[in-house]
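When you get a sec, could you give me coordinates for this:
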Amino acid sequence: MKPYQVAIAGGGLLGRLTAWRLAEQGIRTVLYDAGSPTGENSAAYVAAAMLAPAAEAVDGAPEVIALGYSSLKLWRQYLKRINSPVFFQENGSLIVWHNQDAALKNRFLQHLERAHNGMQPAQQWSADDIARNEPQLGGRFSQGLFLPEEGQLDNRQTIAALAEAAQQAGVDCRWHAPVDNLDELHAQADWVIDCRGIGARQAWNQSGGTRLRGIRGEVARVIAPEVKLNRPVRLLHPRYPLYVCPKENGLYVIGATQIDSEDDSPVSVRSSLELFSALYAVHPAFGEGRVLETNVGLRPTLVHDRPEIRCHAEKQLIEANGLFRHGFMISPSVAEAVVETVSGVLGGNRPETAGELPVLYCGN
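Below you'll find the model as predicted:
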């Protein structure tokens, strides 16, 4: 008998969640990652960790939005079983705009209603509503849209806590151990799961089917203790829509850009100017904040912007990828689908579905 039933390549958000959940099911699991328990090499390390299925429904595929709503419930369950403290907030999110951009609000509402089958998840807030619920934005915006069914996490606390939870559940975590050849893992495990994200691009694209590419995302982390926001705020803007996510102790994670590029060089001057100009427009007190860092992350993306699980029975290989910009929003549901797939193949069954995951490829 091999030492492990499952070996996972890639200890980013999806890899950690999958390893932890497999161990909870009593499956002997080893996890390999090129980085450390802090997850500094993963796309999840450069993320706002918004759990925003309603807002993302404007552009996201219906299947992804369904995964987002189910994942929000799973996060509540998971965090009760994780010992490490993780910032988790469910205060909804607020959409605002300047008066000259009011047409963007109408378009946003139309897309939102269409994505929710004629139902409208947004509550329209007046200037008084904004002032009452977000006092520091009072007088700055005359209208807003409140999306109550949304939340957020602290991304770095979460990935570190998942590393600890996986180890406590019995996962053999091999940090600073990059995987270049998946075949080598079969010497230790019956099945291999590839969760390397953009690092799996070459192997994924050799398998045929939808191609994997990177989407560049740029994020800033700012300390602004003079600003007090109670929930994530999105600014509708024709050129650079912005999100501002308040974490603990005056920390804000700010992002705007989504560039179809695999360039992972530092943030450009132009992007920085647009990002911080929009931030200043939300509240001038951000002008006195301190920029802790700017980061770039490549989000693994498939042509349809949905995740896929591929099960190659002849290779005893499962590939899970394509979380796009929705990593934290949908990863619990994707991980549960992977676990269900693994349980099926270990039980001798050829998987035809993977939980509620909408896209599944099964090899021969």
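
Now do the helices in the protein.
For the chain, the helices defined by DSSP state H cover 13-24, 53-56, 62-81, 102-115, 127-133, 155-168, 201-206, 269-282, 327-346.

Among the ones you listed, which one carries the weakest average confidence?
Least confidently modelled of the helices of the chain is helix 269-282, at a mean of 90 by mean pLDDT.

Would you mark the buried spots in that one?
Across helix 269-282, burial judged by 16 or more other C-beta atoms under 10 Å covers Ser271, Glu274, Leu275, Phe276, Ala278, Leu279, Val282. (C-beta placed from N, C-alpha, C; glycine too.)

possible to save those residues as TSV with distance to Leu14?
Listed next are the buried residues of helix 269-282 as TSV, based on distance: C-beta to C-beta, whole Å:
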residue	distance to Leu14
Ser271	27
Glu274	30
Leu275	27
Phe276	31
Ala278	30
Leu279	30
Val282	32
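
sorry, back to before: ok, and which of the helices of the chain has the densest surroundings?
The highest mean neighbour count among the helices of the chain, using mean count of other C-beta atoms under 10 Å, belongs to helix 13-24: a mean of 27.

could I have that one exported to PDB, CA atoms only?
Provided in PDB are the C-alpha atoms of helix 13-24 (Å, rounded to 0.1, in the frame of the first residue of the first chain):
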ATOM      1  CA  LEU A  13      -6.400  28.400  -1.500                       C
ATOM      2  CA  LEU A  14      -8.000  25.500  -3.400                       C
ATOM      3  CA  GLY A  15      -5.200  23.100  -2.600                       C
ATOM      4  CA  ARG A  16      -5.400  23.800   1.200                       C
ATOM      5  CA  LEU A  17      -9.100  23.600   1.300                       C
ATOM      6  CA  THR A  18      -9.100  20.300  -0.600                       C
ATOM      7  CA  ALA A  19      -6.400  18.800   1.500                       C
ATOM      8  CA  TRP A  20      -8.100  19.800   4.800                       C
ATOM      9  CA  ARG A  21     -11.500  18.500   3.700                       C
ATOM     10  CA  LEU A  22     -10.000  15.200   2.400                       C
ATOM     11  CA  ALA A  23      -8.200  14.700   5.800                       C
ATOM     12  CA  GLU A  24     -11.500  15.400   7.600                       C
END
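
For it, enumerate the helices and strands it packs against.
Counting contacts by 3 or more C-beta pairs under 8 Å, 6 or more residues apart in numbering; DSSP states H and E, helix 13-24 packs against strand 4-9, strand 29-32, helix 155-168, helix 327-346.

got those as JSON lines, with distance to Ala54 columns?
Formatted as JSON lines, the helices and strands packed on helix 13-24 follow (distance: least, C-beta to C-beta, whole Å):
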{"stretch": "strand 4-9", "distance to Ala54": "31"}
{"stretch": "strand 29-32", "distance to Ala54": "33"}
{"stretch": "helix 155-168", "distance to Ala54": "20"}
{"stretch": "helix 327-346", "distance to Ala54": "11"}
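
need the contact list for Gly289.
Applying C-beta atoms under 8 Å, 6 or more residues apart in numbering to Gly289 gives the contacts Val222, Ile223, Ala224, Glu226, Val227, Tyr252.

ok, now which ones touch the spatially closest residue to the fourth one that is not a sequence neighbour?
In this case it means Glu226. Spatial nearest neighbour of Glu226, chain neighbours left out: Ala285 (4.6 Å); criterion: C-beta to C-beta, 6 or more residues apart in numbering. For Ala285, the contacting residues are Gln136, Ala224, Glu226, Val227, by C-beta under 8 Å, 6+ apart.

try Asn230
Contacts for Asn230 (C-beta under 8 Å, 6+ apart) come out as Asn91, Asn133, Glu134, Pro246.

phi, psi of it?
Here is the backbone geometry of Asn230 (degrees, to the nearest 10): phi -100, psi 0.

Show me where the stretch 251-364 of the chain dips below the pLDDT cut-off.
Within the stretch 251-364 of the chain, the stretches with pLDDT under 70 are 257, 350-364.

Please report how far the closest residue to Ala200 other than its chain neighbours lies from Ala203.
Nearest non-adjacent residue to Ala200, counting by C-beta to C-beta, 6+ apart: Asp194, 5.1 Å away. For Asp194, the distance to Ala203 (C-beta to C-beta, to the nearest Å) stands at 7 Å.

Which neighbours do these two have in common?
Common neighbours of Asp194 and Ala203 (criterion: C-beta under 8 Å, 6+ apart): Leu182, Glu319.

Tell me which of the helices of the chain lies nearest to Asp305.
Distance to Asp305, taken as C-beta to C-beta, is lowest for helix 62-81 among the helices of the chain, at 7.1 Å.

what sits up against that closest one?
With C-beta under 8 Å, 6+ apart as the test, helix 62-81 has contacts from 17, 51-53, 56-57, 60, 86, 88, 115, 149-151, 153, 165, 305-307, 324, 326, 329-334, 336, 356-359.

do the same with stretch 117-127
Residues outside stretch 117-127 that contact it (C-beta under 8 Å, 6+ apart) are 54, 94-95, 109, 112-113, 133, 138-139, 141-149.

Filter these down to just the ones in strands.
Those of those mapping onto strands are Leu94, Ile95, Gln143, Gly144, Leu145, Phe146, Leu147, per DSSP state E.

Need the phi and psi values for the closest residue to Leu302 other than its chain neighbours.
Excluding the flanking residues, the one nearest Leu302 by C-beta to C-beta, 6+ apart is Gly322, at 3.9 Å. Note on Gly322: backbone dihedrals following degrees, to the nearest 10 are phi 90, psi 40.

isn't Gly322 right next to Pro300, touching?
Yes - between Gly322 and Pro300 there is a contact under C-beta atoms under 8 Å: 5.9 Å.

overlap in contacts of these two?
When contacts are counted by C-beta under 8 Å, 6+ apart, the set common to Gly322 and Pro300 consists of Leu212.
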